[in-house]
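Asks: this is a predicted model, with the sequence first.
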Amino acid sequence: MINETTIIDMREPTPQLSTLWCKILAFSIRSVLQFGVFIVGFLGWYFFNYYIALASAAVAFIMIGVLRSGLSRAAIAPTQLEYHYTDQEVAQWYVAKEVCFTDLKEEQDENKLY
């Protein structure tokens, strides 16, 4: 028998960003999370050599992983951290909770049942 305290709450939907500024910021964060390693590796190869590019890409991989973890822990509720989130969802959650929090509050008010 499963204890009720071990069941995770239902996953909250990822907030939809309404303003253009918030969407651009979320897209920028998502792009850095997805393609940052490749950009750093390419720049290392272009300006230096192949070995520097590999080393810098490895360091960038670790740093972007730490950044992704920090963003998800800052924005996603602790009960929801057991679920897997894509880079786009992490960026949307972070922008909605930390930058465009008024839009998130308005969305929650609209979805509230009276």
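Replies: Here it is on my side, so go on.

Asks: for residue 12, helix, strand, or coil?
Replies: Three-state call for residue 12 (DSSP: H, G, I helix; E, B strand; the rest coil): coil.

Asks: distance of it relative to residue 75?
Replies: 11 Å (Cβ to Cβ, to the nearest Å). (C-beta placed from N, C-alpha, C; glycine too.)

Asks: which one's more surrounded, the two?
Replies: residue 75 (21 against 12; other Cβ atoms under 10 Å).

Asks: residue contacts, the more buried one?
Replies: Applying Cβ atoms under 8 Å, 6 or more residues apart in numbering to residue 75 gives the contacts 90, 93, 94, 96, 97, 98.

Asks: and the fourth one, how many neighbours?
Replies: Residues near residue 96, counting by other Cβ under 10 Å, number 23.

Asks: mind checking how far it is from residue 54?
Replies: 36 Å.

Asks: what does the second one give?
Replies: Noted for residue 93: a distance of 32 Å to residue 54, by Cβ to Cβ.

Asks: neighbour count for the two, which is higher?
Replies: residue 93 (23 against 13).

Asks: could you double-check that the more buried one sits in contact with residue 85?
Replies: Yes: using Cβ atoms under 8 Å, residue 93 makes contact with residue 85 at a distance of 7.2 Å.

Asks: identify the contacts common to the two.
Replies: Taking Cβ under 8 Å, 6+ apart as the criterion, residue 93 and residue 85 both touch 72, 76.

Asks: buried sites along the longest helix along the chain?
Replies: Of all the segments of type helix in the chain, defined by DSSP state H, the longest one is helix 20-47. Neighbour counts over helix 20-47 (16 or more other Cβ atoms under 10 Å) mark 22, 25-26, 29-30, 32-33, 36-37, 40-41, 44-45 as buried.
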